[in-house]
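Student: Could you work out the structure for the sequence below:
(chains A and B)
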Amino acid sequence: MTNRCTLQLTVLLCLTGAALSMNYGTLRFQQSSSNSACQKLLWQLITSPQHCLDDRMDFQIPREVEQPQQVRKEEAMVVMHEMLQQIFSIFRRGFSNAGWNETIVENLLEELDGQMDRLETALEEITKEGKFPWENRTVLRLKTYYLGIFQYLKGKSYSRCAWTVVQAEILRNFSFLNRLIGALQD
Amino acid sequence: VTRVGGTELKPPQNVEVDIIDDTFTLRWARSREPAGNVTVSADYQVPGIADNWTKLPGCQHVTSATCDFSSLKMSVYDEIKLRIRAEEGNNTSPWRELDTFIPFQQARIGPPKVHLEAEDKALAINISPPGAEDSIMWQLERPHFAYSVIIWRNASGAQTWNETHRSRFPRIKIHKLVPETTYCVRVKARLLLQRNPAEFSPVHCVTTTVENELPAPENIQVILENDTYVLKWDYTQDNVTFEAQWLKSYLKRTSGSESEKWAQVQGCERAPVARCAPPQDMFQKGVYFRVRASRGNSSSPWSEEEKFDAGRRVVIPPPIVALKPLSSHSLRVSIGLQDQTELQHYPLTYEVSFWENASNTERKTFVEQRADFTVSSLKPRTVYCAIAQALLKDEPRSQRSHHSNTACATTEAGGAPGALLAAGLTVLLALLVLCAATALGKLVHYVFFPPGKPPATIDEYFPEEPMKNLLLSTSVERTEECFIVENVDTVSAKEMNHLDEDHKTYTSQASQDSGNYSIEDESGESGGSHASEELGQRGAG
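Tutor: Modelled structure (predicted):
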């Protein structure tokens, strides 16, 4: 009798798991294809990086973003959202910068907006479930990191080379985002 | 409680840190001692960076019960520790250390700035983020605040109606209001990833205008008609033209006084009917639509904004279909995808339409989870075709790919003769297999279980029977007498059905085999026993 119950329970759990993982599967698929699009757009945007070698800067991205260990999907979502938000702000700031292809920047902003929108919906879900990771320290460390980037740009008077250096740094950000997307599973 | 004479001074009680936007305040309970020049000073420390205590600017020798240390230059994301003490002349109380805190997490969100614009049945609210434009606390947050609006009707008497609206962006429009009515709002900001408490803005009130001659269109929808996106809406009156505008979603995230850059929808500048078909590339990413009606010089207010987000739809690439004939009555359907990598995370279902090419019969539709399956019960020598769509079962609706290529194949020539031939061939093959198996079996039997008889030629060499017997067999009687007495417990007997069933060889194993055997003989059998001994030795050797 118990055997049959266990079997039914197992089947139910498996189906539930399958249903849940399909939701995150869609999110993972959408985020990762959008992320690839962002990387391709950014590659098109970066011009003449060679003569800007002197302006290079180590912005010191938080270790746990650069080399993520086992991270829960809720934490991954929060970290990803913060990164996307700040990257969006950076490109908004640079939009009117002379020499940038405005169509490419606009496409990039659209992709980032879409990713944030999807994450925000998912974040609302986990808030309702009571699983929201408030006071996440990585998010605070990321804010220090992005503040450093904004201060660097201001210090260099938003020069072309400063923007090129920042673009290269954001390209690295996208590869870290790819890894975080991998954590979006049950 | 302090004592005049200064023997024991206590540090201030009920110390609190209050941060709102960029204003940092330290508060404590005022000492009840009436006389005395008791002052309060504070220090700060940034535990992650330095271990020394530094004087907190703005909080040195303070006589009142609060001090403002907003001028402190530090990162709002770093931990900070404060300590506070009371002083009277040369006398100081011990330091009271406060709990470590992170200013960004501790700060309250101040009131946002609100600007109202009234229409006849709607209210447009433009919100500016809290804090100053050069705010350090919200430097990275300004474009990303979300807002809550409480709206109520300022009717004399009890407030009978109020609503709370949550807005993700700094521009919000509240519809379905009553003309010529005064409404009041209060707005507060919030952060998406943090839990900071927030302050409401002051109350702002405005009166809606007289009802407009032309009402705003309603129920804006984006629907899919034959693979084309179409904009549709409802309108009650006739004799009007419609104008549609669109806005890219990402522009909603920008705050500031710049108004949203809505653009005309191509083909919808002066639509005579309540629908229009915009260029399809408009639907690739997130977009907002709004519509208004016009008659002569007057126009209606804008409708509610409808968001269409193509990004929410998973773009499944069309599959590739191949058909292969299996027999005269069946075909094999194989479905593949061009780019497997992104879609490996979840299963797809395929909807396959199958039909007979020549005739006008109905299409059969299969829904299959498998990418390879067989369609049977078909007619021989007929051309069949298939086309497929990949589906992703997702709430609330099924996402589909575009149609695949059309693949066609002919079933094999079949019918009665063919069947007979096939049957005949099968029988022949079966017979062949059976023969081979039998032959193999015989071979195996020969190798592992060879016939037990010695070759006939041996008779040439050993014609005499006794000798033959000696070589080949030993009488039972003789062997029975062959006992080695020395070690009784190590005698083991081995039977081997080697040559003859009568032939038994006894092998004995003794730990100390000196080779001398003492056998108790009975007279007349010594000769035999010798022979046995020989055999026994040979066996042991």
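Student: how about the helices of chain B, start to end?
Tutor: Under the criterion DSSP state H, chain B carries helices at the ranges B:103-106, B:416-448, B:458-461, B:465-472, B:476-481, B:526-540.
Student: swap that for chain A, sorry
Tutor: Under DSSP H, chain A gives helices at A:2-45, A:63-66, A:73-94, A:102-128, A:137-155, A:160-181.
Student: most packed of those?
Tutor: helix A:73-94 (a mean of 22; mean count of other C-beta atoms under 10 Å in any protein chain shown). C-betas here are computed from N, CA, C, even on glycine.
Student: contacting residues for B:I49?
Tutor: B:D78 (C-beta atoms under 8 Å, 6 or more residues apart in numbering or on different chains).
Student: before we move on, what about A:G114?
Tutor: A:30, A:34, B:249, B:285-286, B:309, B:311.
Student: can you pull the pLDDT of it?
Tutor: We have a pLDDT of 93 for A:G114.
Student: Quickly list the domain ranges of chain B.
Tutor: For chain B, the structural domains run B:13-106, B:113-207, B:218-308, B:319-410, B:456-540, going by automatic domain parsing.
Student: Now that we have those domains, can you turn them into JSON lines and tack on mean pLDDT and distance to A:E129?
Tutor: Below are the domains of chain B laid out as JSON lines (pLDDT from 0 to 100; distance: least, C-beta to C-beta, whole Å):
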{"stretch": "domain B:13-106", "mean pLDDT": "91", "distance to A:E129": "23"}
{"stretch": "domain B:113-207", "mean pLDDT": "93", "distance to A:E129": "16"}
{"stretch": "domain B:218-308", "mean pLDDT": "90", "distance to A:E129": "25"}
{"stretch": "domain B:319-410", "mean pLDDT": "80", "distance to A:E129": "17"}
{"stretch": "domain B:456-540", "mean pLDDT": "45", "distance to A:E129": "76"}
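Student: Just send these back as TSV, with distance to A:G99 too.
Tutor: Conversion of the domains of chain B to TSV gives the following (distance: least, C-beta to C-beta, whole Å):
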stretch	distance to A:G99
domain B:13-106	32
domain B:113-207	23
domain B:218-308	21
domain B:319-410	33
domain B:456-540	99
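Student: Looking at these, which is nearest to A:S175?
Tutor: The closest of those to A:S175 is domain B:319-410. By C-beta to C-beta, the value is 16.4 Å.
Student: Could you double-check that B:H175 sits in contact with B:W302?
Tutor: No - applying C-beta atoms under 8 Å, one finds B:H175 not in contact with B:W302, separated by 9.8 Å.
Student: More neighbours: which of those two?
Tutor: For B:H175 versus B:W302, neighbours defined as other C-beta atoms under 10 Å in any protein chain shown are more numerous around B:W302 (19 against 15).
Student: Spit out the contact partners of that one.
Tutor: Counting by C-beta under 8 Å, 6+ apart, B:W302 has contacts B:216, B:245, B:290-292.
Student: what about it, distance to chain A?
Tutor: 22 Å (C-beta to the nearest C-beta, to the nearest Å).
Student: Would you pull up the residue in the stretch 401-541 of chain B closest to chain A?
Tutor: B:S401 (13.2 Å; C-beta to the nearest C-beta).
Student: give the contact list for that residue.
Tutor: The contact partners of B:S401, taken as C-beta under 8 Å, 6+ apart, are B:315-319, B:389-391.
Student: measure the closest residue to B:S376 other than its chain neighbours to chain A for me?
Tutor: Once flanking residues are discounted, B:S376 sits nearest to B:S330: 4.1 Å by C-beta to C-beta, 6 or more residues apart in numbering or on different chains. According to C-beta to the nearest C-beta, B:S330 and chain A sit 31 Å apart.
Student: so B:S330 touches B:T411, yeah?
Tutor: Yes - if you go by C-beta under 8 Å, B:S330 and B:T411 touch, sitting 7.3 Å apart.
Student: Report the central residue of chain A.
Tutor: A:M80 (3.7 Å; C-alpha atoms, centre = their mean).
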